[in-house]
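Participant: Take a look and give me a structure for this.
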Amino acid sequence: MARIGTLVLAGVIVAGLTVSAAEAAPVFNVKSYGATGNGSTNDDDAIDRAITAANAAGGGVVDFPAGRYRSRTVHLKSNVTLNLNAGATLLAAGSGMDNAEPNEWDEYQDYGHSHFRNALLFGENVENIAFTGAGTIDGDDKLITGDPRQGQADKALSLKYCRNLRFQDITFRRGGHFAILINGCTGVRMHNTKILSADDRDAFNIINSSDVEIADSRIEASDDAVVFKSDFALGRTFPTEKAVVRDSTILSTENNALQFGSETCGTFRDIQFRNLTVTGAGKAGIGIVSMDGATIENITYDNIKLSRTASAIFMHVGKRSRCPGNPPAGRIRDITLKNITGTNLTTPRDVAGDDEYSATVTGRTDSPVENVTFESVNLTFPGGHPASDADRVPPENSTAYPPRTFGVRPAYAFWIRHAKNVKFLDSTVEFQKSDGRPAFLANDTTGLTVDGVKMERSTGSWDVTFQRSSGQQVTGSTTTPGGGSPRVRVQ
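Facilitator: Next up, the predicted model:
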């Protein structure tokens, strides 16, 4: 089959590389390779032929004119862009997908994380690939949200070991268990992309990957929306580092919007979240859990707007140790949250547990959360709890990580346990309904600082409570209404 002679114009970026007119990439129209685009005929063989031709030519654009392209598993190759024009939709087939490959390491993570080939789009050891255009990649309710049987797929896009991956202007819809799952990748750019999977499960899983940017995008899931993980599906880990998530809108109707974990075998560091609007989270709006021995450090959140989140902020160190060698508990440290606002902090959809939970920072006696700064954090909590709830003692939960497993917290705003050098600066906490719990309760903390904080006065006896703690200070803070000094109790 002769390739079509159309060329990409100068200045177009292909898989992160700008090409000049002399280097313009040839275009391979899938219909010229036998694709029908009629919505019922399986077009994957034709799509694979176009991809193979583009790859053999040294690179090119596989172009989808307007149409509905039903497809079993498509096999991605290096130096190829899939461009779906307006009106073009790639639709998952309900059967005949590639079967999951064996994985000797599958005991260390869930089934969906362990297998890559059972996907609508699959690539391994690929580089310089892109997904562009105003079209849509749609699971069409054919992708499985649980464990798939033979011939079924549970992912829209699955990539194992990739370099220079780009998404531009494309839409993913109804992605099954994972709309996009990448593991062992570097050089990832996502701009102006929609992932609409609020009635399926995860949107974007970024696993053992580095040098990632997500910008100007809309990402929706029922399970985790944007989540950084480090599992052992590759038989090893890579640092998850040097990532930015910015200028986007994020929703998780039942789980976590911006999340680390729970799969946490390797290191996470140097990751920024900024200028984000979280429109819902059935668990945490901002979530960090280290369950399997990982160190999570140097993480920054700036200018994040939260609404309809069951738990605005949740940090937890556990010891599930679901990695080889039974690793010790991990670390969460050097975390900065600035310019965070939160209103209507209740779950957007009925989920297991309660509708709302106080913000939580909880480590372990052998691995406290360290060096966390909250600055200009302004949160309005639901409130409405009696003073007797201030006596609650949440369980330690070494192997559990959802916010609901800790139950009602003994503070209406922030509950902190097993932590060192946590600072609250120039912030405001208040409630919608009168609450009898203190604004802050710290248990087993060292060096906790509350400075310049306005806290709505509870109906109980205390505004800030310290239990088995040392080195704490409450300065320059006031209560509302009235502007009086906080009532501080040390036990």
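
Participant: How confident is the prediction for residue 482, by pLDDT?
Facilitator: Note on residue 482: pLDDT of 87.

Participant: unless I'm mixing things up, residue 229 is touching residue 240, no?
Facilitator: Yes. The pair residue 229 / residue 240 is scored as a contact, 7.5 Å apart, by Cβ atoms under 8 Å. The C-beta positions use only the backbone N, C-alpha and C, and glycine is treated the same way.

Participant: what's the overlap in contacts for the two?
Facilitator: Residues touching both residue 229 and residue 240 (Cβ atoms under 8 Å, 6 or more residues apart in numbering): 206-208.

Participant: Secondary structure added to the residues you listed, as a markdown table?
Facilitator: Listed next are the shared contacts of residue 229 and residue 240 as a markdown table, based on DSSP: H, G, I helix; E, B strand; the rest coil:
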| residue | secondary structure |
| --- | --- |
| 206 | strand |
| 207 | strand |
| 208 | coil |
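
Participant: And those, which is closest to residue 435?
Facilitator: Of all these, residue 435 sits closest to residue 206, with 37.0 Å by Cβ to Cβ.

Participant: and that closest one, what are its bridge partners?
Facilitator: residue 182, residue 228 (DSSP bridges).

Participant: Number of residues surrounding it?
Facilitator: By other Cβ atoms under 10 Å, the residues close to residue 206 number 24.

Participant: do the one 3 residues further on as well
Facilitator: Using other Cβ under 10 Å, residue 209 is surrounded by 26 other residues.

Participant: Does it touch residue 187 like I think?
Facilitator: No. With contact defined as Cβ under 8 Å, residue 209 does not reach residue 187; the gap is 9.2 Å.

Participant: Can you name the element that comes right after the longest helix anywhere in the chain?
Facilitator: Criterion DSSP state H: the longest helix present in the chain is helix 44-56. Next in sequence after helix 44-56, counting helices and strands by DSSP states H and E, comes strand 60-64.

Participant: Okay, angle between the longest helix of the chain and strand 60-64 too, please.
Facilitator: Angle, helix 44-56 to strand 60-64, by axes from the mean of the first three to the mean of the last three Cα atoms, to 10 degrees: 160 degrees.

Participant: What is the burial count for the closest residue to residue 114 other than its chain neighbours?
Facilitator: With sequence-adjacent residues excluded and distances taken as Cβ to Cβ, 6 or more residues apart in numbering, residue 114 is closest to residue 106, at 3.7 Å. Residues lying near residue 106 (other Cβ under 10 Å) number 16.

Participant: State the pLDDT value of residue 106.
Facilitator: Reported pLDDT for residue 106: 96.

Participant: Give me the phi and psi angles of it.
Facilitator: phi -70, psi -10 (degrees, to the nearest 10).

Participant: Would you enumerate the residues in contact with it?
Facilitator: 114-115, 233.

Participant: 10 Å instead?
Facilitator: 100, 113-115, 231-233 (Cβ atoms under 10 Å, 6 or more residues apart in numbering).

Participant: Quick one: distance of stretch 245-261 to the chain centre.
Facilitator: 5 Å (Cα atoms, centre = their mean, to the nearest Å).

Participant: for the record, mean pLDDT for that stretch?
Facilitator: 98.

Participant: Same check on stretch 404-416?
Facilitator: Mean predicted confidence for stretch 404-416 is 98.
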